[in-house]
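In: Next input, structure requested:
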Amino acid sequence: MIAFLKQNSFRLLIAAPCVGFGIGILVLFIARNTQPTVQGSPWKTFLNIGSDGESVLQKAIRAGVGIYALPKEEVVYFMANTDEEGNRLEAGHRYRISGNAPFTRIWSITLYDDDHRLSANPLERYHINGSMMNTEQGQPYSFIISSKEENDYWLPAPEKGNIVLCYRIYLPPASTFPIQASQLPRIQKL
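Out: A predicted model of the protein is given here:
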């Protein structure tokens with residue numbers, strides 16, 4: 001065994017970090033794609049994100065998607081990469097996002113490309129929020145996501161590729177928890 005280690009020490013020095021890196025990437029991929037989903041909804045979240053209870057793995061996932069997170073008492077983050085039928089969100093399709101404005105002063109829905117980057121568009125509009133839509137707490141809202149210009153409230157999408165939505169609820173009241181699917185926006189493919 002010692003002779004084998006002496007003969008192959010250089011190979012082992014190179015192989016060990018590569019194997020470790022590969023395992024780490026695999027664990028992050030699995031964890032990122034298995035976030036807890038709110039039952040009956042395409043929205044995923046970790047409610048302890050940004051808090052002392054956040055795991056090292058959750059911190060790594062958050063760092064991987066580039067989200068600096070505050071604790072749930074300040075902001076609750078939800079991510080969706082599928083519509084309500086479970087189909088992947090694709091830039092070339094039209095979607096209606098609708099719901100009732102949460103009972104908080106500020107909320108927003110931001111569109112990212114599949115790499116969690118803002119996607120360039122001619123309007124330089126990357127999100128929709130309650131003040132843009134003049135929506136009061138508890139009132140219904142609706143807007144379209146499309147790569148083609150729309151007459152309604154509209155959030156521009158890129159021409160191709162997959163998209164990801166991030167729904168943020170700022171300063172949520174304690175009554176917000178536990179989160180129910182009926183409190184989250186619907187994502188309907190048109």
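In: those strands in this structure, which residues are they?
Out: Using DSSP state E, the strands of the chain run over residues 75-80, 95-100, 106-113, 127-129, 140-146, 154-156, 163-170, 186-189.
In: Tell me which residues are up against the fourth one.
Out: To tie it back to what came earlier, the one meant is strand 127-129. 97, 106-111, 143, 153, 155 (Cβ atoms under 8 Å, 6 or more residues apart in numbering). Where C-beta positions appear, they are placed from N, C-alpha and C, glycine not excepted.
In: Which strands border that strand, and is each parallel or antiparallel?
Out: Sheet pairing of strand 127-129 (DSSP bridges) gives strand 106-113 (antiparallel).
In: now residue 106, nearest residue through space, not along the chain?
Out: Spatially, and ignoring its direct neighbours in sequence, residue 106 is nearest to residue 170 (4.0 Å; Cβ to Cβ, 6 or more residues apart in numbering).
In: remind me which residues of this protein are low pLDDT?
Out: Low-confidence segments of the chain (pLDDT under 70): 1-39, 46-72.
In: could you redo the last one with a cut-off of 50?
Out: By pLDDT under 50, the weakly predicted segments of the chain are 28, 30-34.
In: State the distance from residue 110 to residue 167.
Out: Look at residue 110 and residue 167: by Cβ to Cβ, to the nearest Å, they are 8 Å apart.
In: More neighbours: which of these two?
Out: residue 167 (22 against 16; other Cβ atoms under 10 Å).
In: Let me know whether that one touches residue 184 as I believe.
Out: Yes: between residue 167 and residue 184 there is a contact at 6.9 Å, judged by Cβ atoms under 8 Å.
In: hey, what's in contact with both of these two?
Out: Shared contacts of residue 167 and residue 184 (Cβ under 8 Å, 6+ apart): 43, 78.
In: follow-up on the earlier one: looking at the contacts of strand 127-129, spot the one nearest residue 163.
Out: Distances from residue 163 to those, taken as Cβ to Cβ, are shortest for residue 111 (5.8 Å).
In: For that closest one, give its distance to residue 78.
Out: With distances taken as Cβ to Cβ, residue 111 is found 14 Å from residue 78.
In: Can you identify each of the helices in the protein by residue range?
Out: Using DSSP state H, the helices of the chain run over 2-32, 56-65, 130-133.
In: Chain neighbours aside, what residue packs nearest to residue 98?
Out: Spatial nearest neighbour of residue 98, excluding adjacent residues (Cβ to Cβ, 6+ apart): residue 142 at 4.0 Å.
In: Surely that neighbour touches residue 153?
Out: Yes: between residue 142 and residue 153 there is a contact under Cβ under 8 Å: 7.2 Å.
In: was I right about residue 93 contacting residue 187?
Out: No: using Cβ under 8 Å, residue 93 is not in contact with residue 187; the gap is 10.9 Å.
In: So for those two, which residue has more residues nearby?
Out: Between residue 93 and residue 187, counting by other Cβ under 10 Å, residue 187 is the more crowded of the two (25 against 16).
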